[in-house]
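A.B. asks: Show me the folded form of this:
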Amino acid sequence: MFVVPSPGAPAPASPSPAPAAPSPGPVRLGELVERIAARAELWLPYVRFESPDRYYTRLERTATHEVWLLTWLPRQGTEIHGHGGSKGAFTVVRGELTERVFPPTSYPVHPVPRRLAAGAVRAFGPRHVHQVTNEGPVPAVSIHAYAPSLTSMAYYRQLPDGRLVTDRVEEVDG
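C.D. replies: Modelled structure (predicted):
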């Protein structure tokens with residue numbers, strides 16, 4: 001029922017806006033990529049492979065996160081990079097990827113490669129810096145989620161002594 005206030009009565013308080021949904025953390029993002037990976041009809045139609053660069057496409061974007069599909073031919077990979085303060089997770093749905101993680105330090109680092117086979121899930125916080133490559137003989141496919149959506153990516157280069165220096169920061173198109 002709609003009530004008309006009487007003349008001179010104070011205006012009713014407007015409802016408070018709903019609080020913004022919290023950004024999912026790494027564990028929730030890991031669960032999200034697993035759920036999407038389990039539903040091939042959501043991502044399989046978008047799989048394609050390109051050369052010389054990797055193929056990627058955004059599958060979903062909400063107020064709190066985004067989901068991407070990436071494909072990797074043998075020997076394709078990323079530069080050493082961070083995700084502009086976004087948390088993230090990815091899962092390998094086909095093939096195998098290799099990740100090298102660079103901890104946030106000014107000391108030299110020599111990361112040990114970690115192989116991620118189909119079904120592996122990797123979740124990480126907002127300061128995660130890594131390099132991902134397909135060092136295997138077959139094409140690979142992965143699903144990635146970020147929260148909040150990516151706005152920038154920082155790229156690094158590793159000096160001969162093992163220290164990282166920022167090479168550049170690029171804005172991500174929304």
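
A.B. asks: measure G84 to Y146 for me?
C.D. replies: Look at G84 and Y146: by CB to CB, to the nearest Å, they are 9 Å apart. In short, each C-beta sits where N, CA and C put it, glycine included.

A.B. asks: Comparing the two, which residue is more hemmed in?
C.D. replies: With neighbours defined as other CB atoms under 10 Å, G84 and Y146 compare such that Y146 has more, 25 against 18.

A.B. asks: ok now do that one, which residues does it touch?
C.D. replies: Applying CB atoms under 8 Å, 6 or more residues apart in numbering to Y146 gives the contacts 29, 65-66, 68, 83, 86-88.

A.B. asks: Could you rerun that using 7 Å?
C.D. replies: If you count contacts by CB atoms under 7 Å, 6 or more residues apart in numbering, Y146 has them with 65-66, 83, 86, 88.

A.B. asks: For it, pull up the helix or strand it's in.
C.D. replies: strand 140-147 (DSSP states H and E).

A.B. asks: how about the contacts of Y146 in TSV, adding secondary structure?
C.D. replies: Output for the contacts of Y146, formatted as TSV (DSSP: H, G, I helix; E, B strand; the rest coil):
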residue	secondary structure
H65	coil
E66	strand
H83	coil
S86	coil
G88	strand
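
A.B. asks: Tell me which two in the residues you listed are the farthest apart.
C.D. replies: H65 and H83 (12.1 Å; CB to CB).

A.B. asks: If you count neighbours, what's buried in the lengthiest helix in the chain?
C.D. replies: The residue-count maximum for a helix in the chain (DSSP state H) belongs to helix 26-37. Of all the residues in helix 26-37, those buried under the rule 16 or more other CB atoms under 10 Å are 26, 28-30, 32-34, 36-37.

A.B. asks: For the chain, which segments count as helices?
C.D. replies: 26-37, 40-43.

A.B. asks: so which of these gets nearest L159?
C.D. replies: L159 lies closest to helix 26-37 among the helices of the chain, at 28.9 Å (CB to CB).

A.B. asks: got the angle for the closest one vs strand 140-147?
C.D. replies: Taking axes from the mean of the first three to the mean of the last three CA atoms, to 10 degrees, one finds helix 26-37 and strand 140-147 inclined to each other by 140 degrees.

A.B. asks: Distance from helix 26-37 to the middle of the chain?
C.D. replies: Average the C-alpha atoms of helix 26-37, do the same for its chain, and the two points are 11 Å apart (CA atoms, centre = their mean, to the nearest Å).
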